[in-house]
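In: Have a look at this fold, sequence not included:
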């Protein structure tokens with residue numbers, strides 16, 4: 001995936017907030033520490049029966065042929081704490097991908113929502129305390145979601161449909177369905193060309 005080497009930074013000020021957080025503080029190192037609202041989440045209907053559309057996300061346009069990467073520190077550990085990338089068309093059509101704590105362990109996964117949400121996860125306890133990068137590449141009629149920690153290869157997380165003519169935006173998101181006081185440290189936001197192929 002040589003395309004990942006051609007990314008450029010996106011400034012925190014270049015995005016617009018969907019549901020502004022309790023706080024968003026820039027550090028001297030250029031990071032962004034975000035505290036989402038207590039009880040915030042993204043979900044539609046499936047299994048739980050509720051609809052939540054109140055997670056905090058910093059979004060910028062994601063046209064076809066482009067990719068977005070977000071890096072954050074995995075130093076949270078309460079049930080349903082989560083951070084990663086949100087790709088949003090509207091409140092009924094979106095994809096979130098990242099690491100969410102579920103059943104006592106961090107889980108790498110994605111939720112794809114087209115009126116109803118689904119959810120796929122894989123445990124990554126070995127990523128605890130490390131910087132995680134989630135990459136979402138938009139090409140043709142699809143979003144390709146990959147993730148990794150530094151020094152390791154990309155893992156394919158999900159391939160999801162997205163119509164080529166859909167107007168979408170994307171960027172870092174976090175939420176805290178079960179508590180208040182979560183603070184997520186985002187250390188990078190980048191954009192670049194979409195991946196050339198699904199498989200190496």
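Out: Looks like it arrived, so ask away. A quick note: this is a predicted structure, and the numbers were derived from the prediction, not measured.
In: tell me which residues form a beta bridge with the residue nearest the centre of the chain?
Out: With distances taken as Cα atoms, centre = their mean, the residue of the chain nearest its centroid is residue 85 (1.6 Å). Per DSSP bridges, the residues bridged to residue 85 are residue 97, residue 172.
In: Can you give me the buried ones in stretch 116-130?
Out: 117, 119, 121, 124, 127 (16 or more other Cβ atoms under 10 Å). (Each C-beta comes from the backbone N, C-alpha and C, glycine too.)
In: Which pLDDT value belongs to the fourth one?
Out: Looking back up the chat, that one is residue 124. Here, the pLDDT recorded for residue 124 equals 98.
In: And it, how close does it get to residue 77?
Out: Per Cβ to Cβ, to the nearest Å, residue 124 is found 13 Å from residue 77.
In: Between these two, which contacts overlap?
Out: Residues touching both residue 124 and residue 77 (Cβ atoms under 8 Å, 6 or more residues apart in numbering) are residue 106.
In: Check what pLDDT the residue lying farthest from the centre of the chain gets.
Out: In the chain, the residue that sits farthest from the middle, by Cα atoms, centre = their mean, is residue 28; the gap is 23.6 Å. pLDDT, residue 28: 97.
In: just checking, it is part of a strand?
Out: No. Read with DSSP: H, G, I helix; E, B strand; the rest coil, residue 28 is coil and lies in no strand.
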